[in-house]
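Visitor: Here is a sequence together with a model predicted from it:
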Amino acid sequence: MHEDNSGSETPRPASRWWREAVFYQIYPRSFADSNGDGVGDLEGIRAHLGELAWLGIDALWISPFYRSPMADFGYDVSDYCDVDPIFGDMAAFDAMLAEAHALGLRVIIDWVPNHTSDQHPWFLDAASAKSAEHRNWYVWREPDEDGTPPNNWVAAFDLTAPAWSVHPDTGEWYLHLFDPAQPDLNWDEPAVVEAMHDVLRFWLDRGVDGFRADVLHTIGKFPELPDDPPAVAGIPHCALNDVPVTHERVRAIRSLVDSYPDDRVLVGEIYLMTTQAIASYYGDGDEVHMAFNFPALYSPWSADRWRSSIEETEATLDPRGAWPTWVLSNHDNPRHRTRYDLAAQRRGEDAATTARRSEARARAAAVLLLTLRGTPFLYQGEELGLLDSEIAPGQVVDPGGRDGCRGPLPWDGTEGCGWPTGTNGNAAPWLPLPPEAGFRNRVAQQEDPGSTLHLYRRLLALRKAHPELREGDLSLLNAPDGVLAFSRHSDAGICHILINMTNESTEIDESLMPLGATVILASDMADPRGLPAHLGPDQALILSV
Ligand code: TEU
């Protein structure tokens with residue numbers, strides 16, 4: 001237990017650092033490998049923090065590095081308060097955290113409250129006998145005579161499989177919204193709540209700046225565990241679970257986090273399919289500080305679709321004083337560059353056009369992500385414009401088949417790009433490197449002032465220089481078909497952001513480019529003299545007006 005918060009006198013004015021910050025998600029297995037075993041580690045993160053500070057990042061979210069049998073690559077935790085040896089040890093974590101703080105980087109870590117590993121001592125005990133001490137820490141049901149599962153819920157990774165498995169030791173079903181190796185905790189059991197709160201305290205005491213809470217909306221379930229309606233057949237239950245009692249539990253977590261000094265933050269992964277449903281987990285400012293806005297992540301490269309996504313986000317969050325987030329890529333979905341390419345090809349775009357548009361689209365998307373009103377979350381490697389790794393059928397290791405976006409980050413132009421090569425008795429990286437790694441790597445892009453890496457760095461610097469880009473209001477502007485245009489404005493200034501989401505050069509009129517405005521950034525890093533009359537294909541501009 002920490003002591004520094006007892007007898008709090010005057011309430012501190014809440015800092016809003018997390019509203020102004022740009023977060024960068026690190027997926028530790030694929031970030032940087034310090035010991036040549038083919039899997040990234042905490043020392044690898046520590047060694048590269050300087051590069052993230054150089055880029056202008058404010059905060060890190062680090063995906064799980066806890067002890068785990070790795071059935072879900074760390075989202076199956078067998079000890080919440082220790083580091084898996086593949087990632088290092090507690091001293092390596094402390095060193096990484098201290099160095100991040102010394103560089104001015106905040107660090108939030110993943111907390112996985114819905115389920116443990118089936119190898120967690122709690123579950124090993126629970127499964128051993130109906131009378132076991134931890135039995136009620138998980139969700140058990142007696143089998144029916146007909147052998148069908150207790151309800152029709154579908155698990156996340158195999159949509160043909162129930163969210164239930166029979167455990168051989170007692171013959172009863174246990175619930176798992178994800179892999180069978182990830183049994184759901186029973187949050188109706190007060191000892192579970194206490195134990196999981198203790199996990200939060202353990203890491204808060206160690207100095208982390210907050211948490212990204214994994215599928216936080218699933219820690220409450222209707223006690224009768226009713227069937228999902230037939231109309232949503234095939235949708236995993238984790239995307240449907242939305243139960244009032246969860247809000248009470250989230251409020252308790254928030255108040256624990258708020259009881260610590262220095263403005264720790266709670267970011268919820270609320271994996272629900274509408275902004276409306278996600279917004280309810282902000283509560284009255286007493287649940288999560290922020291939640292990922294997944295409908296926007298799934299928006300295609302279309303000005304109309306983005307316009308409605310922005311309208312809906314503003315209309316839903318703003319009235320409740322809830323602060324938006326924006327994310328294009330993470331460790332669960334194809335990278336946005338790959339996603340836009342695949343979608344365009346499905347619509348009939350020919351391969352040569354895709355090759356030409358691919359990077360331009362991803363760069364214009366970066367301008368969008370970093371100028372919307374809300375906190376942006378970058379995913380490691382998007383600053384290099386990475387594509388997904390190509391994964392042959394025999395190389396798939398993730399139970400959800402999400403391997404492509406998890407390819408190792410290429411650091412330099414050497415044979416292994418900073419990773420062991422898999423030759424001469426060396427280990428191979430746990431997943432193949434992304435395409436183009438020979439030139440699309442950190443060192444090569446750092447040396448090229450026109451690179452995607454330098455575009456991200458300039459965007460982050462612009463956010464620091466222009467308060468209106470961080471805290472200003474957002475107004476959508478009328479624009480030609482296929483162009484998304486909005487302004488960000490405050491007492492500090494006005495910016496117009498113009499994004500051409502088509503393959504055609506488009507004429508821009510004076511309402512969007514007023515006389516006297518100046519282009520402060522172009523997504524292709526062109527340096528237009530004076531005001532251009534056109535937006536190039538897939539080009540984005542930021543103007544100071
Ligand atoms: O993801 C939640 C989640 O619902 C997704 O896994 C989703 O089902 C999947 O991406 C669809 O393709 C979180 C973590 O981000 C993910 O990595 C974990 O596997 C999952 O929870 C279980 O902990």
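Guide: That came through fine.
Visitor: For the strand or helix carrying Arg19, give me every contacting residue.
Guide: Assigned by DSSP states H and E, Arg19 belongs to helix 17-20. For helix 17-20, the surrounding residues in contact (C-beta atoms under 8 Å, 6 or more residues apart in numbering) are 58-59, 106, 210, 263, 265, 267, 289-290, 323, 375, 470-471. Every residue, glycine included, has its C-beta placed from N, CA and C.
Visitor: what do you get for stretch 234-243?
Guide: By C-beta under 8 Å, 6+ apart, stretch 234-243 touches 114, 153-156, 159, 163, 177-178, 215, 217-218, 220-222, 228, 232, 271-273, 277, 280.
Visitor: The residue lying closest to Gly438 once chain neighbours are set aside: neighbour count?
Guide: Of all residues not flanking Gly438 in the chain, Gly413 sits nearest, at 6.0 Å (C-beta to C-beta, 6 or more residues apart in numbering). By other C-beta atoms under 10 Å, the residues close to Gly413 number 16.
Visitor: ditto for the one 10 residues further on
Guide: Counted with other C-beta under 10 Å, residues neighbouring Thr423 total 9.
Visitor: Mind checking what secondary structure it has?
Guide: coil (DSSP: H, G, I helix; E, B strand; the rest coil).
Visitor: who in this protein is up against the ligand?
Guide: With C-beta under 6 Å from any ligand atom as the criterion, the chain meets the ligand at residues 72, 75, 112, 156, 178, 214-215, 236, 238, 269, 271, 331-332, 400, 402.
Visitor: switch to 5 Å and redo it
Guide: Contact residues (C-beta under 5 Å from any ligand atom) of the chain with the ligand: Asp72, Tyr75, Ala156, Phe178, Asp214, Val215, Cys238, Tyr271, Asp332.
Visitor: Smallest gap between the stretch 401-545 of the chain and the ligand, at which residue?
Guide: Per C-beta to the nearest ligand atom, Arg402 is where the stretch 401-545 of the chain lies closest to the ligand, at 6.0 Å.
Visitor: Domains in this structure, by residue range?
Guide: Using automatic domain parsing, the domain ranges for the chain come out as 17-117+189-459, 471-544.
Visitor: Deepest in the core, which of those domains is it.
Guide: domain 17-117+189-459 (a mean of 19; mean count of other C-beta atoms under 10 Å).
Visitor: on that earlier part again, my guess is the residue nearest to Gly438 meets Arg442, correct?
Guide: No - Gly413 lies out of contact with Arg442 (C-beta atoms under 8 Å); the separation is 9.5 Å.
Visitor: Could I get the pLDDT score of the residue in the chain sticking out farthest from the centre?
Guide: Here the centre of the chain is the reference, and by C-alpha atoms, centre = their mean the most remote residue is Glu145, at 42.9 Å. With respect to pLDDT, Glu145 scores 91.
Visitor: Enumerate every residue touching it.
Guide: Not one residue lies near Glu145 by C-beta under 8 Å, 6+ apart.
Visitor: can you tell me the distance between the two ends of stretch 219-234?
Guide: This stretch, stretch 219-234, spans 21 Å end to end (C-alpha to C-alpha, to the nearest Å).
Visitor: Off-centre distance for it?
Guide: On the basis of C-alpha atoms, centre = their mean, to the nearest Å, stretch 219-234 sits 26 Å off its chain's mean C-alpha point.
Visitor: now do stretch 346-357
Guide: Distance of stretch 346-357 from the chain centroid (C-alpha atoms, centre = their mean) equals 28 Å.
Visitor: from the residues of the chain next to the ligand, which two are the most distant?
Guide: Farthest-apart pair in the residues of the chain next to the ligand is Asp72 and Tyr271; separation 14.2 Å (C-beta to C-beta).
Visitor: Find the residue closest to Leu60 in space, skipping its chain neighbours.
Guide: Val107 (5.0 Å).
Visitor: Show the contacting residues for that neighbour.
Guide: Taking C-beta under 8 Å, 6+ apart, we find Val107 in contact with Ala59, Leu60, Ile62, Met96, Leu97, Ala100, His101, Val208, Asp209.
Visitor: Now, the residues you listed that are in strands?
Guide: Among the contacts of Val107, the members found in strands (DSSP state E) are Ala59, Leu60, Ile62.
Visitor: which residues does the first one contact?
Guide: Neighbouring residues of Ala59 by C-beta under 8 Å, 6+ apart: Trp17, Trp18, Ala21, Val22, Phe23, Tyr24, Leu105, Arg106, Val107, Ile108, Asp209.
Visitor: in the sheet, who's paired with it?
Guide: Judged by DSSP bridges, the bridge partners of Ala59 are Phe23, Arg106.
Visitor: Need the pLDDT of it.
Guide: Ala59 carries a pLDDT value of 98.
Visitor: how much space between it and the ligand?
Guide: The gap separating Ala59 from the ligand is 18 Å, by C-beta to the nearest ligand atom, to the nearest Å.
Visitor: Likewise for the second one?
Guide: Using C-beta to the nearest ligand atom, Leu60 is found at 16 Å from the ligand.
Visitor: so that residue makes contact with Tyr27?
Guide: No - look at Leu60 against Tyr27 with C-beta under 8 Å: they stay out of range, at 11.2 Å.
Visitor: now this structure, which segments are flagged as low pLDDT?
Guide: Applying pLDDT under 70 to the chain flags the ranges 1-14.
Visitor: Now the residue nearest to the spatial centre of it: closest residue in space that isn't a chain neighbour?
Guide: The chain has Asn330 as the residue nearest its centroid, 4.8 Å off, counting by C-alpha atoms, centre = their mean. Counting by C-beta to C-beta, 6+ apart, Asn330 lies nearest to Tyr379, which is 5.1 Å off, once chain neighbours are set aside.
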